[in-house]
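*Asks:* what's the 3D shape of this:
(one chain, ligands or ions: 2)
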Amino acid sequence: MLLSRRFSSALARSAFLARCPLPPRPAPASRAPPRRLMSSSSSSSGWHHSSRLPPPPPPPPPSFSDKDQLFRGLEAALGTTFSSEPLAPPPEPMILVVSGPSGVGKDAVIKRLQEEREEIHFVVTATSRAIRPGEVDGKDYHFVTKEAFLTMIEREELLEYALVYGEYKGIPKQQIRDYMAKGHDIVLRVDIQGAATLKEILGESAIFIFLVAESEEALVKRLIHRKTETTDMLLVRIATAREEVRRMKYFDYIVVNAEGKLEDAVKQVESIIDAEKAKVQKRNVRI
Ligand SMILES: Nc1ncnc2c1ncn2[C@@H]1O[C@H](COP(=O)(O)OP(=O)(O)OP(=O)(O)O)[C@@H](O)[C@H]1O
Ligand SMILES: Nc1nc2c(ncn2[C@@H]2O[C@H](COP(=O)(O)O)[C@@H](O)[C@H]2O)c(=O)[nH]1
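*Replies:* Ligands and ions are numbered 1, 2, ... in the order given. Next comes the predicted model:
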């Protein structure tokens, strides 16, 4: 039974080949003369060739029509057409948590990242803090009253929230769901305590990046240069930063945002995203 099936499929194949012959094989290269081996007495290590023969020339590349014919011939021989559907599954949307001390450049890195990668959605968090000159409501934060923020907490609308330097900050859940449903990758920007809370909630399903300056000195200069803090507030942020850098080890990645090297930091974050997208064991996000 098995034999007769093999025979009939071989018959079918030969019938096909008669109708649609495969392109002729290139003529074999002229046979190389047998290689002579050195005697062991003439060589300390043994098996060496006495003369180095040049490798046979590669077969000439088939012409376009040959390739096309070969392709169709292979399809017919296999009895199926070759699909042009992508072989790799489409990448799942991911959540990236960018954290680090105040003034390290989280906002600056994320802004450049968004310019480079349109598919990334930066989640605009809600805050009870007063708007600063130059900030835009709905772009930098959703600026809300303390009462409105407390209502959001009560209604469980926030994935994470915290009191940061005396003001409420929190991540609206719905924004993440809406954008992930549209296939966007998500970037969350939080302080270190926020990253710790998110690690508890999201676990291994998100990627945690700790952004750090090249030195404490550089970080302090950057904060001073931004001119957004009073001296008292600067002292609080610097003292907090000293504690925060100790938490670096709990993150998945550390990215150094060195003075004048913003582009390098952005590129590194992009490489992390690309590597994570190429992982076989994907992070499965459920919020
Ligand atoms: N690589 C860099 N080199 C020089 N200046 C930088 C670099 N990255 C960011 N900055 C500047 O440092 C200052 C702080 O950056 P940014 O506001 O993005 O920090 P942040 O981490 O978001 O701070 P916060 O947590 O307080 O919101 C800004 O003036 C920004 O333009
Ligand atoms: N835990 C959270 N931290 C947040 C959130 N949104 C922003 N932040 C962080 O707050 C500090 C201070 O910000 P600033 O704008 O007042 O200077 C900074 O580190 C932000 O990353 C949040 O939703 N949760």
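*Asks:* From Val269, how far out is the residue in the chain positioned nearest to ligand 1?
*Replies:* Residue nearest to ligand 1 within the chain (Cβ to the nearest ligand atom): Gly105, separated by 3.0 Å. C-betas here are computed from N, CA, C, even on glycine. Gly105 sits 11 Å away from Val269, going by Cβ to Cβ, to the nearest Å.
*Asks:* what does Asp137 give?
*Replies:* In terms of Cβ to Cβ, Asp137 sits 26 Å off from Val269.
*Asks:* Between these two, point out the one with more neighbours.
*Replies:* Val269 (26 against 11; other Cβ atoms under 10 Å).
*Asks:* Identify all contacting residues around the helix or strand hosting that one.
*Replies:* In the assignment (DSSP states H and E), Val269 maps to helix 262-277. Contact with helix 262-277 is made by 91, 94, 96, 98, 105, 108-109, 112-113, 116-117, 185, 207, 209, 211, 253, 255-258, 283, as judged by Cβ atoms under 8 Å, 6 or more residues apart in numbering.
*Asks:* one more time with 6 Å, if that's ok
*Replies:* Residues from elsewhere that reach helix 262-277, judged by Cβ atoms under 6 Å, 6 or more residues apart in numbering: 91, 108-109, 112-113, 207, 253, 255, 257.
*Asks:* so who does whichever residue of the stretch 51-200 of the chain sits closest to ligand 2 touch?
*Replies:* Ligand 2 sits closest to Gly194 of the stretch 51-200 of the chain, with a gap of 2.3 Å, by Cβ to the nearest ligand atom. Taking Cβ under 6 Å, 6+ apart, we find Gly194 in contact with 160, 162.
*Asks:* try 8 Å this time
*Replies:* Taking Cβ under 8 Å, 6+ apart as the criterion, Gly194 is in contact with 99, 160, 162, 164, 169, 171, 188.
*Asks:* And these, which is closest to Lys67?
*Replies:* Lys67 has its nearest neighbour among these in Leu188, at 49.5 Å by Cβ to Cβ.
*Asks:* tell me which residues in the helix or strand containing Tyr168 are buried?
*Replies:* Using DSSP H and E, Tyr168 sits within strand 167-172. Neighbour counts using 16 or more other Cβ atoms under 10 Å place 168-172 of strand 167-172 among the buried residues.
*Asks:* Determine whether any part of that strand lies close to ligand 2.
*Replies:* Yes - judged by Cβ under 6 Å from any ligand atom, strand 167-172 comes into contact with ligand 2 at 169-171.
*Asks:* How about stretch 87-106?
*Replies:* Yes - Stretch 87-106 reaches ligand 2 (Cβ under 6 Å from any ligand atom) through 102, 106.
*Asks:* Repeat that for stretch 118-128.
*Replies:* Yes - interface with ligand 2: stretch 118-128 contributes Thr125 (Cβ under 6 Å from any ligand atom).
*Asks:* Go through that stretch and list whatever outside residues touch any part of it.
*Replies:* Outside of stretch 118-128, the residues within contact range by Cβ under 8 Å, 6+ apart are 96, 110, 113-114, 138-146, 148-149, 152, 158, 167-172, 175-176, 179, 183-190.
*Asks:* and those residues, which are buried?
*Replies:* Applying 16+ other Cβ under 10 Å to these flags 96, 110, 113, 141-144, 149, 152, 158, 168-172, 175-176, 179, 184-190 as buried.
*Asks:* Out of these, list just those in strands.
*Replies:* Among the buried ones among the contacts of stretch 118-128, the residues falling in strands (DSSP state E) are 96, 142-143, 158, 168-172, 185-189.
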